[in-house]
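Novice: mind folding the following:
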Amino acid sequence: MDLVSIFGLVLSVVAIIGGQLLEGGHVDSLVQPTAFLIVIGGTLGAVLLQSPLRTVQKGMKMASWVFRPPILDPLGLIEQLAHWSHLARKEGLLSLEAQTESLDDPFLSKGLQLLVDGAEPERLREVMEVEISTYESEMKQAAKIWESAGGYSPTIGILGAVMGLIHVMENLSDPSKLGAGIAVAFVATIYGVGAANLIFLPMAKKLMSNIARTVAIKEMYVDGLVGIANGDNPRIIESRLQGYIV
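Specialist: Coordinates of the predicted model:
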């Protein structure tokens, strides 16, 4: 659980609501279902128009990474690669074949199987880097739906504000209906700008950061396998892989 993300979200919301209360306002004045429907519904529609459904679905699932980032264990992976290197030097690459059955990650399993099959180091790196590139591209496209949402929501908030003002102009003769139109106009802008800068854009940045960390671990793994294929000393492999850890 990423407590920093939770704290950041709570802090931003509390700061805005607290500021509203300090100015003598009421929380109820920020609750406007119509404005919410215009901004969130319009933003979602724009994102669906922009991206394939599969990408949007993946991006929605990735949202959980903001609060529950993927579990990465670079030190454990380095230790495992060093152990494989020792085995390969003592008993040969075929001794690693039994290790593939214990790997749940298809990427890890594929890389080790290529190593066991005797793939040339450069060929192994080439095949695995294609896997990494494809993975990174797909994940970034999915994460960018939140960045796109952050771009659309302020504009749609302004659209909601204009719609609210139109409602006001249509009811100038009936003062009792002016309040609702003005509320929609201003709150829609708050929802649009607030959702973009407090939720959508920060989420996109956090997801990109998590993707970069995941890709770095994959690259470290490939580097380790190539080192084993080249017959490098286990200590040299371990020392080189330590450089991937920030």
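Novice: domain ranges for the protein?
Specialist: Each domain of the chain is listed here as a residue range: 1-31, 32-246, per automatic domain parsing.
Novice: what pLDDT, on average, does the longest one get?
Specialist: Averaged across domain 32-246, the pLDDT comes to 88.
Novice: centre of the chain to that domain, how far?
Specialist: Distance, stretch centre to chain centre, for domain 32-246: 3 Å (C-alpha atoms, centre = their mean, to the nearest Å).
Novice: likewise the shortest one?
Specialist: Taking the mean C-alpha point of domain 1-31 and that of its whole chain, the gap between them comes to 23 Å (C-alpha atoms, centre = their mean).
Novice: contact partners of whichever strand or helix holds Lys90?
Specialist: According to DSSP states H and E, Lys90 maps onto helix 74-91. The contact list for helix 74-91 (C-beta atoms under 8 Å, 6 or more residues apart in numbering) reads 95-96, 99, 112, 217, 220-221, 224-225, 227-228, 231-232, 234-235, 237-238, 241-242, 244-245. (Glycine included, C-beta is placed from N, CA and C.)
Novice: from those, list the buried ones, please.
Specialist: By neighbour count, with 16 or more other C-beta atoms under 10 Å, the contacts of helix 74-91 hold 96, 99, 112, 217, 220-221, 224-225, 227-228, 232, 234, 237-238, 241, 244 as buried.
Novice: out of those, who's nearest Ala161?
Specialist: Nearest to Ala161 among those: Ile217, at 45.0 Å, using C-beta to C-beta.
Novice: run a quick neighbour tally on Gln80.
Specialist: For Gln80, the count of nearby residues is 18 (other C-beta atoms under 10 Å).
Novice: now do the helices in the protein.
Specialist: According to DSSP state H, the chain carries its helices in the segments 3-22, 33-36, 42-50, 53-62, 74-91, 106-116, 121-170, 178-195, 201-229, 234-242.
Novice: now for the fourth one, which elements pack on it?
Specialist: The elements that helix 53-62 packs onto, with contact taken as 3 or more C-beta pairs under 8 Å, 6 or more residues apart in numbering; DSSP states H and E, are helix 121-170.
Novice: if we use 10 Å, what do you get?
Specialist: helix 42-50, helix 121-170, helix 201-229 (3 or more C-beta pairs under 10 Å, 6 or more residues apart in numbering; DSSP states H and E).
Novice: what are the contacting residues of that helix?
Specialist: Applying C-beta atoms under 10 Å, 6 or more residues apart in numbering, the contact partners of helix 53-62 are 44, 47-48, 50-52, 70, 138-139, 141-149, 203-204, 207, 210-211.
Novice: quick one, which of those residues are buried?
Specialist: Buried members of these, scored by 16+ other C-beta under 10 Å, are 44, 47, 51, 139, 142-149, 203-204, 207, 210-211.
Novice: how close does Glu79 get to Leu96?
Specialist: Taking C-beta to C-beta, to the nearest Å as the measure, Glu79 falls 15 Å from Leu96.
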